[in-house]
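Q: Coordinates for the following, if possible.
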Amino acid sequence: MYVVSLLVVAVALFGHNDVVTFTKDVSSAFVWGQDSQGGAISSIIKDPLTGDSIPTLSYAGIEVSSRMGFERVGSGEVGDFLAYTTTIVNNTGSILSVRYGGISVDGHAALPLSVISAENHLRKRDLEGRTAVVELGKLHCFTTGFLSGENLFSANSSSELFSVYPGNAITVSSVIRDPRNYAVRCSVAGCYPTGTIRYFLTVNSQDYVFVWPGRSVVYCGR
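A: Residues are numbered from 1 along each chain as shown. The predicted structure follows:
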């Protein structure tokens, strides 16, 4: 049975303390940085090529890791794309199911965009006014390989079920438009989204929640 809960979580993430609020239906959830006896174990993997931090939750033979990036929507337009990639490794003896969960930015819920593959290219005039559609081939975060476009949760298939067979792994991604305008802060140290991004997906019946302070999100645009 699901219970509507308001979680106020103090998370020590990447050496920073962030207090965030997030409302969702939960039966139980593993939240990165909120380890408890009998729950998932939080850790950080360092990307050997970039040195970027990859938060990971491990539980009973299941390993779920998260990577997040952002880039500008485009010249002459206001806003930013926020995208995440989640890798699920199955070291159990059973098939795992993976479903889309949800995402919020500073308490603002956002829906996944409809992602069109490079093979299904649309003309510019066909995209005009369609703010909920994005072409994968035009997202630098994906074309450079920083994030994976292998499997996607998108608006037209966010309820799609992915399966992970024993001894295998899959990587699933999703893209949203930041529901806020002018939400990026820049300094001599670089640019990053303000606030906190919080998202989850469901593996079997268990929610895996990742909390990203905006300053930890990698700019992967041009």
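Q: so what's the closest residue to Ala60 other than its chain neighbours up against?
A: Leaving aside its chain neighbours, Ala60 sits nearest to Thr92 (6.9 Å; criterion: Cβ to Cβ, 6 or more residues apart in numbering). Placement of C-beta: from N, CA and C, glycine included. Going by Cβ atoms under 8 Å, 6 or more residues apart in numbering, Thr92 touches 60-62, 166.
Q: Generate the PyMOL command that creates a selection of the buried members of those residues.
A: Entered in PyMOL, the line below selects the buried ones among these, by 16 or more other Cβ atoms under 10 Å:
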select buried, resi 62
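Q: tell me which of the contacts of Thr92 is nearest to Val134?
A: Taking Cβ to Cβ as the measure, Val134 lies nearest Ile62 of these, at 30.0 Å.
Q: give me the beta-bridge partners of the residue nearest the centre of the chain?
A: By Cα atoms, centre = their mean, the mean C-alpha position of the chain lies nearest to Tyr84, the distance being 3.2 Å. With DSSP bridges as the criterion, Tyr84 is bridged to Met68, Ser174.
Q: next one: Phe162
A: Note on Phe162: beta-bridge partners by DSSP bridges are Val98.
Q: quick one, helices of this structure?
A: 124-127, 140-143 (DSSP state H).
Q: Please work out the average pLDDT along the first one.
A: Across helix 124-127, the average pLDDT comes to 47.
Q: Where does pLDDT dip in the protein?
A: The chain contains residues with pLDDT under 70 at 1-27, 75-77, 118-131.
Q: ok, 90 please
A: 1-28, 36-38, 47-52, 72-79, 114-138, 154-160, 180-191, 221-222 (pLDDT under 90).
Q: Now for Leu139: which residues touch it?
A: Leu139 makes contact with 71, 81, 83, 175 under the criterion Cβ under 8 Å, 6+ apart.
Q: Would you mind measuring from it to Leu96?
A: Leu139 sits 27 Å away from Leu96, going by Cβ to Cβ, to the nearest Å.
Q: one step back: which of the contacts of Leu139 are buried?
A: Neighbour-count burial within those applies to 71, 81, 83, 175; the criterion is 16+ other Cβ under 10 Å.
Q: Okay, the last one and Asn90: tell me how far apart.
A: Just to be clear, that refers to Val175. Using Cβ to Cβ, Val175 is found at 25 Å from Asn90.
Q: Could you report the neighbour count for Tyr165?
A: 11 (other Cβ atoms under 10 Å).
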